[in-house]
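K.L.:
quick one, fold the following:
(2 chains)
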Amino acid sequence: MGARGRRRVRGETRHVGRGVSPQPRNWPLWEVFVRPKRGLSHQHVGSLHAPDAELALRNARDLYTRRMEGVSVWVVPSAQISASSPDEKGAFFGPAADKAYRHPTFYDVPEEVKNL
Amino acid sequence: MNDAATYALRLADDALVLSQRLCWWSSRAPELEEDLALTNIALDLLGQARALLTHAGELEGAGRDEDALAYLRGEREYLNLLIVEQPNGDFAQTIARQLLFSTFQLARYEALQGGPDEVIAGVAGKAVKEVAYHRDHAMRWTLRLGDGTGESHARMQRAIDRLWPYTHEMFDGDHVDRAIGADPAGLFRDWQAFVSCVLDDAGVAIPADGWHPSGGRRGLHTEALGHMLAEMQSVARAHPGATW
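P.N.:
Here you go, the predicted model:
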């Protein structure tokens, strides 16, 4: 695009260039993580389609924070997530089942402590 | 109608008519996500319109509430700017209308936040955050369409060319604006700076100024408004006073 694109608009960073087709079926999938409030970690809430990261963030705002659900949003390309296979469930998670000593059950949790 | 009521009604009609226009995209946007983005924007505008219509009715003092003003006024009594009633066209034309009008509307609400009318100042204070998002949404799509494929660029350019003449009316102040102390001519510089920066960055040429249609503030509209109002008002007019 050469001579165009001279100035950047208000912090806009460009992730899309000429030749990137905005065809809907080419829009990649993004996973959305919302932090419900300060002090908690981001939680996976769902996924959406968007042509690039900036629009994915904005779509996430419209889709998943309409009712004041969050104070922070992350979007991650779904293709970038490596997931454990359901077939390996036994080998992955089974061995933890009989190791009760790993659970910190012998601590008294004060009533005031929430979200632990 | 007194100047204060007229001014509030103009603000309300801009928001209401654009909201109704954007509602059309519900279930028709290119993607489900965009469907929600546009209807979210429409809902923001409807909220602004409702508060402003109610306020205009109170200032008028003739007992008209928001429903009477929205559903029982004819085309010639609507005082919105011509740009907001322009047809949706394709997605690029809707985005162009959003960019050109939201940039203006944001500047106007920012100026009204500290104004003497407490209700308008309150609505403006809340709306500033909403419209900043509307403008951001339009800006990002303008950049992507203008600087996207050959097809999207051509459509974005065509949309800006089509709507540009209607931008002049936004800055035509009249006796009502001056009576309120809110002459929109003062908003032009910031509007121009932002819009030209976005269009330039999107590779969209800024059209030459020429034809200067106006009249919306006096109830003289383009042919597009009557059809839209007929649809918007049909249920309320067929069943006056109905509730559920």
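K.L.:
who are the packing partners of the helix or strand where B:Gly226 lies?
P.N.:
Assigned by DSSP states H and E, B:Gly226 belongs to helix B:223-238. Packing contacts for helix B:223-238, counted by 3 or more C-beta pairs under 8 Å, 6 or more residues apart in numbering or on different chains; DSSP states H and E, involve helix B:3-23, helix B:66-71, helix B:82-85. (Each C-beta comes from the backbone N, C-alpha and C, glycine too.)
K.L.:
highest average neighbour count across these?
P.N.:
Comparing the helices and strands packed on helix B:223-238 by mean neighbour count (mean count of other C-beta atoms under 10 Å in any protein chain shown), helix B:82-85 ranks first with a mean of 26.
K.L.:
run the chain-centre distance for it.
P.N.:
7 Å (C-alpha atoms, centre = their mean, to the nearest Å).
K.L.:
also stretch A:109-116?
P.N.:
Distance, centroid of stretch A:109-116 to centroid of chain: 27 Å (C-alpha atoms, centre = their mean).
K.L.:
what about that stretch, average pLDDT?
P.N.:
Stretch A:109-116 shows a mean pLDDT of 80.
K.L.:
so which strand or helix has B:Ser196?
P.N.:
helix B:188-202.
K.L.:
wait, does the longest helix anywhere in chain A contact chain B?
P.N.:
Once chain A is assigned using DSSP state H, the helix that runs over the most residues is helix A:53-64. Yes: interface with chain B: helix A:53-64 contributes A:Glu54, A:Leu55, A:Arg58, A:Asn59, A:Asp62, A:Leu63 (C-beta under 8 Å from any C-beta of the partner chain).
K.L.:
can you lay out the helices and strands packed on helix B:223-238 as TSV showing distance to chain A?
P.N.:
What follows is the helices and strands packed on helix B:223-238, written out as TSV (distance: least, C-beta to the nearest C-beta, whole Å):
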stretch	distance to chain A
helix B:3-23	13
helix B:66-71	23
helix B:82-85	21
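K.L.:
let me see the contact set for the closest residue to B:Phe101 other than its chain neighbours.
P.N.:
Spatial nearest neighbour of B:Phe101, chain neighbours left out: B:Ile83 (5.5 Å); criterion: C-beta to C-beta, 6 or more residues apart in numbering or on different chains. With contact taken as C-beta atoms under 8 Å, 6 or more residues apart in numbering or on different chains, B:Ile83 is in contact with B:Arg97, B:Leu100, B:Phe101, B:Leu163, B:Tyr166, B:Thr167, B:Glu169, B:Met170.
K.L.:
closest to chain A among these?
P.N.:
Top of the list for closeness to chain A, among those and by C-beta to the nearest C-beta, is B:Leu100 at 15.1 Å.
K.L.:
picking up where we left off before, which helices and strands does the helix holding B:Ser196 pack with?
P.N.:
Contacting helix B:188-202 under the criterion 3+ C-beta pairs under 8 Å, 6+ apart are the following elements: helix B:91-112, helix B:118-146.
K.L.:
now the first one - C-alpha only, PDB.
P.N.:
Spelled out, that is helix B:91-112. C-alpha atoms of helix B:91-112 as PDB (Å, rounded to 0.1, in the frame of the first residue of the first chain):
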ATOM      1  CA  PHE B  91     -21.900  -2.100   5.500                       C
ATOM      2  CA  ALA B  92     -19.400   0.500   4.400                       C
ATOM      3  CA  GLN B  93     -22.100   3.100   4.100                       C
ATOM      4  CA  THR B  94     -23.300   2.400   7.600                       C
ATOM      5  CA  ILE B  95     -19.700   2.600   8.900                       C
ATOM      6  CA  ALA B  96     -19.100   5.800   7.100                       C
ATOM      7  CA  ARG B  97     -22.300   7.300   8.600                       C
ATOM      8  CA  GLN B  98     -21.100   6.100  12.000                       C
ATOM      9  CA  LEU B  99     -17.700   7.700  11.600                       C
ATOM     10  CA  LEU B 100     -18.900  11.000  10.300                       C
ATOM     11  CA  PHE B 101     -21.700  11.400  12.800                       C
ATOM     12  CA  SER B 102     -20.200   9.800  15.900                       C
ATOM     13  CA  THR B 103     -17.200  12.000  15.700                       C
ATOM     14  CA  PHE B 104     -19.500  15.000  15.700                       C
ATOM     15  CA  GLN B 105     -21.900  13.600  18.300                       C
ATOM     16  CA  LEU B 106     -19.000  12.900  20.700                       C
ATOM     17  CA  ALA B 107     -17.600  16.500  20.400                       C
ATOM     18  CA  ARG B 108     -21.100  17.800  21.000                       C
ATOM     19  CA  TYR B 109     -21.700  15.700  24.100                       C
ATOM     20  CA  GLU B 110     -18.300  16.700  25.400                       C
ATOM     21  CA  ALA B 111     -19.200  20.300  25.000                       C
ATOM     22  CA  LEU B 112     -22.600  19.800  26.600                       C
END
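K.L.:
and the helices in chain A?
P.N.:
A:53-64, A:89-93.
K.L.:
and those helices as JSON lines, adding mean pLDDT and mean neighbour count?
P.N.:
Shown next, in JSON lines, are the helices of chain A (pLDDT from 0 to 100; neighbours: other C-beta atoms under 10 Å in any protein chain shown):
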{"stretch": "helix A:53-64", "mean pLDDT": "94", "mean neighbour count": "21"}
{"stretch": "helix A:89-93", "mean pLDDT": "84", "mean neighbour count": "10"}
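K.L.:
surely A:Gly46 and A:Trp30 touch.
P.N.:
No: contact criterion C-beta atoms under 8 Å: A:Gly46 and A:Trp30 do not qualify, at 9.8 Å.
K.L.:
which one's more surrounded, the two?
P.N.:
A:Trp30 (25 against 12; other C-beta atoms under 10 Å in any protein chain shown).
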